[in-house]
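Novice: I would like the atomic coordinates for the input below:
(2 chains)
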Amino acid sequence: MVPPKSQCLLIALLAIAALISAFSGRIDAYLLDVALGAGISIVLASSLNLINGFTGQFSLGHAGFMAVGAYTSAMLTTTLAPKLLGQTELLQWVVFPLSLIAGGLLSALVGVAVGAPSLRLKGDYLAIVTLGFGEIIKVILQNLDAVGGARGLTGIHTHTSLFWVFGSATVTVYVVWSLLNSTFGRGFVAVADDEVASEAMGLNTTHYKITAFVVGSFFAGVAGGLYAHLKGYLNPSGFSFDKSIEIVVMVILGGMGRHSGVIVAAVLLTALTEVLRSFGDYRMIVYSLLLIILMLTRPQGLFFWPLKGKKST
Amino acid sequence: MPDTLLDLSNVTIRFGGLTAVSSVSITVREGELVGLIGPNGAGKTTVFNLVTGVYQPTEGSIHLAGSSLAKLKPFQITNLGIARTFQNIRLFPSLTVYDNVRVAFHRHLQNHSLQSLIRSSNFQKEEAKLQARTLELLTLFNLQRVQDEPAKSLSYGDQRRLEILRALATKPRLLLLDEPAAGMNPSEKTELMTLIRFIRDTFGLAILLVEHDMKVVMGICERIHVLEYGRKIAEGTPSAIRADPKVIAAYLGDN
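Specialist: Model (predicted):
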């Protein structure tokens, strides 16, 4: 059996990520850092797009899930793994990816714990619950001495490379895309459109919402792990409400529920904050102004175009 | 006589002090076309919401082909074989016409989330089969010409028909139609009557119809239940209902 086109594309993109990664030594360090940040943004925005964009649940807790993944994977590689293994060769190629997955899984578990009781809430109410959750995670981390408390967690190995970042981004986009492009997956959009009608068509709306939350928070956790091993340092204040908003803006700007639009928006917004550095102290003012202008002129999202039917899956 | 498919016995629902439906018993037999009429606020849509699990009855019981529907969620009841349309159309506006119908096959899906990721040959076979069945249904209602349009861009009449088609995709044994003729002109109503009969005969299902338009109800229903202020005041064939003095007083108007 020939694997479907989408899977060939997935493998090809992973190979390209590996190839570029091999030459990353020649890329300018600053540019590399921006590129890695953009890649992590793609993971964050695409995964939040599943929850906010496609399934229509307004979550403001993505930074919280990211924090769970970041601290989990950082603790695994800095404290647990060296004690068990002792050698560092294995660290980057075996322990690091495993720690990313572990961070994602714990984050997904927290996603269920937060999601299951609160998914009966809609719109603004769910937003408030998830916002509260994100803040709780931040405060817990600030007071947990085992992970450095408010001082932050230092000495994390910088394993994050172009391969891991763009590999993760590719997998995230593939998972969200293929989940959506099936008869089962169209149910996510149906739930977003009309819950009463979805139930009347035999769709278990709770199941769909929890699936979206689990998958979304898993990849937020993975992104957190990548972030931790990119910066080498974690501070709870980095996972505040602002970070969640930043990801939400990427999703809205990309056109809620548009795969490619959200990817472009993630890259664009990451790059934009860098480009605006020349404005110095006024950087965030210009950034915010640009967002206001964009929302006024393109409220449906920068990259929104009318949905055309996709018969093929 | 065919078997009883839907059986409401002495169903009552109260919202606080208001008794919306009071001790109502309604039966629908296999393959039967039954009408449910009554003045505004008589409790017709409430009966639909009780049958589909949106509300739970305060008293009484509802059975589908002998099995109780008590405490089941709407999606579980749909999965037992009851589908409905809504008084004010509830399509999935941002999904295409094609996807609106496709999603409704959910009940018969073998493949779920994980298979969507792996995309095995089984998954692809099932998707291809569903694609064929979706197109078949769309063609039946002549909606394949707009299959790639978002549902919200359809004309009113097409939206009504798409909603019925979407309900049919769940392969129900009982179809509940809530005022399908609302907002239609006389010629569209005539078409609708033909369509409802066609559906019943082609799909071999029972239909319970809430409708205000007497021409439609009297024209296609084999049996009619009449509600007034949440109580059932009459039941019978269209001609018997037309002659019933209680119905005339309550609904058709003293003449």
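Novice: what parts of the stretch 101-250 of chain A come near chain B?
Specialist: Counting by C-beta under 8 Å from any C-beta of the partner chain, the residues of the stretch 101-250 of chain A close to chain B are A:174-175, A:178-179, A:181-187, A:189-190, A:192-194, A:196-205, A:211. In short, each C-beta sits where N, CA and C put it, glycine included.
Novice: in helices, which of the residues you listed appear?
Specialist: A:174-175, A:178-179, A:186-187, A:189-190, A:192-193, A:196-200, A:205, A:211 (DSSP state H).
Novice: show me where chain B has strands.
Specialist: For chain B, the strands defined by DSSP state E occupy B:4-15, B:18-29, B:33-37, B:59-64, B:67-68, B:82-84, B:174-178, B:206-210, B:223-228, B:231-236.
Novice: could you say which helix or strand holds the nearest residue to A:S118 once chain neighbours are set aside?
Specialist: Nearest in space to A:S118, with sequence neighbours left out and distances taken as C-beta to C-beta, 6 or more residues apart in numbering or on different chains, is A:V129 at 4.4 Å. Element membership for A:V129 (DSSP states H and E) is helix A:123-143.
Novice: who touches that helix?
Specialist: A:57-64, A:67-68, A:71, A:114, A:118-119, A:121, A:147, A:149-150, A:236-237, A:239-241, A:244 (C-beta atoms under 8 Å, 6 or more residues apart in numbering or on different chains).
Novice: restricted to helices, list those.
Specialist: A:H62, A:A63, A:G64, A:A67, A:V68, A:Y71, A:V114, A:S118, A:F241, A:S244.
Novice: enumerate every residue touching the closest residue to the fourth one other than its chain neighbours.
Specialist: Leaving out its chain neighbours, the residue that sits closest to A:A67 by C-beta to C-beta, 6+ apart is A:F239, at 3.7 Å. Taking C-beta under 8 Å, 6+ apart as the definition of contact, the neighbours of A:F239 are A:A63, A:G64, A:M66, A:A67, A:A70, A:G134, A:I137, A:K138, A:L141, A:G224.
Novice: how much space between the fourth one and A:G53?
Specialist: Okay, so that is A:A67. Distance, A:A67 to A:G53, using C-beta to C-beta, to the nearest Å: 22 Å.
Novice: which pLDDT does the model give the residue of the stretch 101-250 of chain B found nearest chain A?
Specialist: Proximity of the stretch 101-250 of chain B to chain A (C-beta to the nearest C-beta) peaks at B:D148, 3.5 Å away. Per-residue pLDDT puts B:D148 at 93.
Novice: residues near it, how many?
Specialist: One way to gauge burial is a neighbour count; for B:D148, by other C-beta atoms under 10 Å in any protein chain shown, it gives 15.
Novice: so it sits against B:V97, correct?
Specialist: Yes. The pair B:D148 / B:V97 is scored as a contact, 7.3 Å apart, by C-beta atoms under 8 Å.
Novice: where in chain B is the helix or strand with the lowest mean pLDDT?
Specialist: helix B:113-118 (a mean of 81; mean pLDDT, DSSP states H and E).
Novice: residues contacting A:G39?
Specialist: A:G39 sits next to A:L162, A:V165, A:F166, A:S168, A:A169, A:L226 when contact means C-beta under 8 Å, 6+ apart.
Novice: any idea how far the second one is from chain B?
Specialist: Going back to what we said before, that points to A:V165. Distance, A:V165 to chain B, by C-beta to the nearest C-beta, to the nearest Å: 21 Å.
Novice: ok, that residue - contacts?
Specialist: Contacts of A:V165 (C-beta under 8 Å, 6+ apart): A:A17, A:A35, A:L36, A:G39, A:I40, A:V43, A:L226, A:L230.
Novice: rerun that using 7 Å as the cut-off
Specialist: A:L36, A:G39, A:I40, A:L226 (C-beta atoms under 7 Å, 6 or more residues apart in numbering or on different chains).
Novice: equivalent analysis for the first one, please.
Specialist: With contact set as C-beta under 7 Å, 6+ apart, A:L162 has these partners: A:A17, A:I20, A:S21, A:S24, A:A35, A:L36.
Novice: rerun at 8 Å
Specialist: So, once contact is read as C-beta under 8 Å, 6+ apart, A:L162 ends up touching A:A17, A:I20, A:S21, A:S24, A:L32, A:A35, A:L36, A:G39.
Novice: please list the residues of the stretch 151-255 of chain B that sit near chain A.
Specialist: Close to chain A, as judged by C-beta under 8 Å from any C-beta, the stretch 151-255 of chain B has residues B:R166, B:A167, B:A169, B:T170.
Novice: picking that back up, nearest to A:V95, out of the strands of chain B?
Specialist: Among the strands of chain B, strand B:82-84 comes nearest to A:V95, with 52.2 Å by C-beta to C-beta.
Novice: that closest one: how far from the chain's middle?
Specialist: 5 Å (C-alpha atoms, centre = their mean, to the nearest Å).
Novice: so does that strand get close to chain A?
Specialist: Yes. Counting by C-beta under 8 Å from any C-beta, chain A is contacted by strand B:82-84 at B:A83, B:R84.
Novice: can you list the neighbours in contact with that strand?
Specialist: A:200-201, B:6, B:48, B:51-52, B:64, B:167-168, B:170, B:172-178.
Novice: now it: average pLDDT?
Specialist: pLDDT averaged over strand B:82-84 gives 95.
Novice: mean neighbour count, the strands of chain B: which tops it?
Specialist: Ranked by mean neighbour count, the strands of chain B are led by strand B:82-84 with a mean of 27 (mean count of other C-beta atoms under 10 Å in any protein chain shown).
Novice: how far does the helix holding A:V129 sit from the chain's center?
Specialist: 17 Å.
Novice: for the record, mean pLDDT for it?
Specialist: Throughout helix A:123-143, pLDDT has a mean value of 92.
Novice: of the ones in helices among the contacts of helix A:123-143, which pair is most distant in space?
Specialist: Every pair of the ones in helices among the contacts of helix A:123-143 checked by C-beta to C-beta; the farthest is A:Y71 and A:S118, at 22.4 Å.
Novice: those two: which is more packed in?
Specialist: With neighbours defined as other C-beta under 10 Å, A:Y71 and A:S118 compare such that A:Y71 has more, 28 against 20.
Novice: and the pLDDT for the residue nearest to that one when sequence neighbours are not counted?
Specialist: Excluding the flanking residues, the one nearest A:Y71 by C-beta to C-beta, 6+ apart is A:V147, at 5.4 Å. Note on A:V147: pLDDT of 88.
Novice: check A:S47 too.
Specialist: As summarised for this prediction, A:S47 has a pLDDT of 96.
Novice: quick one, what contacts the closest residue to B:L91 other than its chain neighbours?
Specialist: Leaving aside its sequence neighbours, B:L91 sits nearest to B:A151 (C-beta to C-beta, 6+ apart; 4.2 Å). Counting by C-beta under 8 Å, 6+ apart, B:A151 makes contact with B:L91, B:F92, B:P93, B:S94, B:L95, B:T96, B:V97, B:N100, B:Q159, B:L162.
Novice: ok, and the closest non-adjacent residue to the fifth one?
Specialist: The spatially closest residue to B:L95, leaving aside those adjacent along the chain, is A:V189, at 5.6 Å (C-beta to C-beta, 6+ apart).
Novice: and that neighbour, how many neighbours?
Specialist: 22.
Novice: closest to the centroid, which residue in chain B?
Specialist: B:L176 (1.8 Å; C-alpha atoms, centre = their mean).
Novice: who does that residue form a beta bridge with?
Specialist: B:R84, B:L208 (DSSP bridges).
Novice: you'd agree it is up against B:G53?
Specialist: No. Using C-beta under 8 Å, B:L176 is not in contact with B:G53, being 11.8 Å away.
Novice: please report how far A:A265 lies from A:L13.
Specialist: In terms of C-beta to C-beta, A:A265 sits 19 Å off from A:L13.
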